[in-house]
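>>> got a predicted structure plus its sequence, pasted below:
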Amino acid sequence: MAEDRVLKVRSLLDAVRAEGRTALTAPEGKVIADAYGIAVPGEELATDVDEAVAYAARFGGPVVMKIVSPDILHKTDAGGVVVGVEGAADVRAAFHRIVENARAYDADARIEGVQVQELLPRGQEIIVGAVTDPTFGKVVAFGLGGVLVEVLKDVTFRLAPVSADEALSMLDSIRSAEILRGVRGQAGVDRWAVAEQIRRVSQLVADFPEIAEVDLNPVIATAEDAVAADIRVILAEQQPVPRKTYTRDQILASMRRLMQPSSVAVIGASNEQGKIGNSVMRNLVDGGFAGEIHPVNPKADDILGRKAYKSVTDVPGEVDVAVFAIPARFVTAALEEVGRRNIPNAVLIPSGFAETGEHELQAQIVAIAERHGIRLLGPNIYGYYSTWQDLCATFCTPYDVKGGVALTSQSGGIGMAVLGFARTTKTGVSAIVGLGNKSDLDEDDLLTWFGEDPHTQCIAMHLEDLKDGRAFVAAARATVPKKPVVVLKAGRTAAGAKAAGSHTGALAGDDAVYDDILRQAGVIRAPGLNDMLEYARGLPVLPTPKGDNVVIITGAGGSGVLLSDAVTDNGLSLMEIPPDLDEAFRRYIPPFGAAGNPVDITGGEPPSTYEATIRLGFEDPRIHALVLGYWHTIVTPPMVFAELTARVVAEFRERGVEKPVVASLAGDVEVEEACQYLYERGVVAYPYTTERPVAVLGAKYRWARAAERLRAEGPPVGRWRETGGMSGGGS
């Protein structure tokens, strides 16, 4: 059956192509709809007014009449649609009016007739469609439809094809999801019928890559069905050039030699200070890289105490990486030598390629690399750091604080911001990698490697674009279950809408698609550069939560309100405190304090009150995460608060009880030292802000959900005992 429908659609599309057309007519769209089980109303093509009258009479009720022309894409704009026509006289009048309007709209348009279609019952108008995104390929869309679709722009996107469950999830991903469930006495829509329309459209475009856009708008969704009142199909002008791909094993093999090299050649190494080749050599030597370092310079015999070679072909032994520090015009010849020498990786620092309009020059180096099996990093980059190898292959300042965060950037300036942040915050990194023009190696290669790298606990990526969105999504889906991936996507303008031929295409702006599909891939999207860096720094520190219940303990009511707002803003759930737990908290706070959530212990309380309530937060297994709000007082100074909090966290960690704890400290400058002390001991703490610590906690929760680490069942229920602890369960 599936084979038959593919053959039927293939025959139709070939015929349309043979006529030199890219837009299908409505009757042709119905052929495709029928083949794929896309529900559409009954309809007939009337080539004259008498046929229109006969068809309308056969449907036995009001009909919709539409112009059918391969040259008129937007029928409503041409005055080519009349709704609710009933009776022979009205059908005749509507037929003539539609044809006249179409001829006035485009005198040269070919008119094949008028479509007579059953009038669907009133229902919720939605849109189901698909577009070909330049980054992600075939993408299916769903949202509220009708004439306001491009005004409301309440649409969500997924990679095509989607499963039935993925299609169903799209109904809950729009802002107006509640409307679909039924509001103000109106019945909700048949969710499975809508999801099936989405799934079938997604399968259609997956089966036929030459289909550029599909538009079902409106789809009339009722409690019983979902039927597409109109279907528009547009073919692509041309097919994209396929990108060279590599297997996972090939990527890991080349990346291993890049990130863990035993021998590095520096092409363009120099003794002259101020030269990039000198800076790269100094960083490699002074950074303590234990492998072989081979300077290559035809005009030198010795560079920084190491024998220099006239050509990379003269370098003895195996070489894993060739770092280029020569002008762009010399790169092609040197890259040919690297290829003859069987060096698997080339790190291209020089600029002067596609970023300056030299696309042909960049194409040449890509062709050379593919011919010789070389993987290219760059060009136009600052280099890269692999700290666990003591490797600093860059002309920028060195960095050697080892840790679990891998950072990548497409921009050199952003790369230096990454470096400065890491140094200021003492963030330990496993790698910092510049990607530049991404002529070859890109984010999906790095994700594949960092996903397997035992030194890397969290990956943070600044990107301006993706060369292959589907490869990135595949790599992210393989990595996210093991470790968080944070992405800062620059550029939020909807540039993709300007040349669209359908409503769906007009809605598929670059950022709208990126936002939904990055979420679908399970990555955490950071709203800004500092957010990305703070997420990367904080996520490895926080343990993974085991459930959704968040409790705020604060010494200041004002902070408690702001922290509550931040919890909601970050998609977290404030725990509804049960009576027994409420009573337990009240034992430790003054009568003028407030239990509930937030738990307000008031500002004048001694350290013992902070400690007792934090302990209670750890002891009760129904509480899954703690947000602490501290207010600087002489009664409980900042470092006293920090030390007692860290001590309690460490004590429970030793007992096997780990919960994420974040803290907001308000006070004089001493709170800065207290925050640093807490951060170093597993509590993500910030001075002067209630938003930032909760945002990091929210990012940890988003990863935990994407990685399916949160407990599926609800929190355990038990009764608080006088001696403390829960009956009927442990932590």
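Structure received. Residues are numbered from 1 along each chain as shown.

>>> Val429: how many residues sit nearby?
A total of 27 residues lie near Val429 under the criterion other C-beta atoms under 10 Å. All C-beta spots, glycine's among them, are computed from the backbone N, C-alpha and C.

>>> any idea how far Ala417 is from it?
The spacing between Val429 and Ala417, counted by C-beta to C-beta, to the nearest Å, is 14 Å.

>>> cool, and Arg702?
Arg702 sits 23 Å away from Ala417, taking C-beta to C-beta as the criterion.

>>> tell me who's in contact with the residue nearest to the spatial centre of the chain.
The structure's the chain has its C-alpha centroid closest to Leu518; by C-alpha atoms, centre = their mean the separation is 1.8 Å. Taking C-beta atoms under 8 Å, 6 or more residues apart in numbering as the criterion, Leu518 is in contact with Ala476, Val487, Lys489, Arg525.

>>> most widely separated two among those?
Distance extremes for these: the farthest pair is Ala476 and Lys489 at 12.7 Å, using C-beta to C-beta.

>>> can you get me a residue count around the nearest residue to Lys659 once chain neighbours are set aside?
Residue nearest to Lys659 in three dimensions, not counting chain neighbours: Ala625, with 5.8 Å by C-beta to C-beta, 6 or more residues apart in numbering. The burial count assigned to Ala625 is 27, neighbours taken as other C-beta under 10 Å.

>>> circling back: higher neighbour count, Ala476 and Lys489?
Residue environment comparison for Ala476 versus Lys489 gives the larger neighbour count to Ala476, 25 against 21, counting by other C-beta under 10 Å.

>>> which stretches in the stretch 1-150 of the chain count as strands?
Ranges of strands within the stretch 1-150 of the chain are 43-46, 63-68, 81-85, 113-118, 124-133, 137-144, based on DSSP state E, counting those that start in this stretch.

>>> can you list those in CSV and add mean neighbour count, mean pLDDT and distance to Ala695?
Listed next are the strands of the stretch 1-150 of the chain as CSV, based on neighbours: other C-beta atoms under 10 Å; pLDDT from 0 to 100; distance: least, C-beta to C-beta, whole Å:
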stretch, mean neighbour count, mean pLDDT, distance to Ala695
strand 43-46, 19, 93, 52
strand 63-68, 24, 94, 50
strand 81-85, 17, 94, 48
strand 113-118, 25, 94, 51
strand 124-133, 26, 92, 29
strand 137-144, 25, 93, 28
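
>>> between these, which one is nearest to Thr425?
From the strands of the stretch 1-150 of the chain, taking C-beta to C-beta, the stretch that ends up closest is strand 124-133, at 36.1 Å.

>>> now the element after the least confident helix or strand in the chain by mean pLDDT, going C-ward?
Counting by mean pLDDT, DSSP states H and E, the weakest-scoring helix or strand in the chain turns out to be helix 503-507, with a mean of 45. In the C-terminal direction, the helix or strand that comes right after helix 503-507 (DSSP states H and E) is helix 510-521.

>>> elements contacting the following helix or strand past that next one?
Helices and strands here follow DSSP H and E; after helix 510-521, the next one along the chain is strand 524-525. Under the contact criterion of 3 or more C-beta pairs under 8 Å, 6 or more residues apart in numbering; DSSP states H and E, the helices and strands touching strand 524-525 comprise strand 485-489, helix 510-521, helix 691-706.

>>> CA atoms only for the last one, dumped as CSV, please.
Right, the one you point to is helix 691-706. The C-alpha atoms that make up helix 691-706 are tabulated as CSV, following Å, rounded to 0.1, in the frame of the first residue of the first chain:
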residue,chain,number,x,y,z
GLU,A,691,17.2,35.5,39.1
ARG,A,692,20.6,34.0,38.2
PRO,A,693,20.8,31.1,40.7
VAL,A,694,17.3,30.0,39.8
ALA,A,695,18.0,30.3,36.1
VAL,A,696,20.9,27.8,36.6
LEU,A,697,18.7,25.5,38.6
GLY,A,698,16.1,25.8,35.8
ALA,A,699,18.7,24.8,33.2
LYS,A,700,19.7,21.8,35.3
TYR,A,701,16.0,20.8,35.4
ARG,A,702,15.6,21.2,31.6
TRP,A,703,18.5,18.9,31.1
ALA,A,704,17.2,16.4,33.6
ARG,A,705,13.9,16.3,31.8
ALA,A,706,15.5,15.9,28.4
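
>>> list the buried residues for it?
Along helix 691-706, these residues count as buried under the neighbour rule (16 or more other C-beta atoms under 10 Å): 692-704, 706.

>>> cool, and stretch 206-218?
Neighbour-count burial for stretch 206-218 flags Ala206, Asp207, Phe208, Glu210, Ile211, Ala212, Glu213, Val214, Asp215, Leu216, Asn217, Pro218 (criterion: 16+ other C-beta under 10 Å).

>>> perfect, I'm done here.
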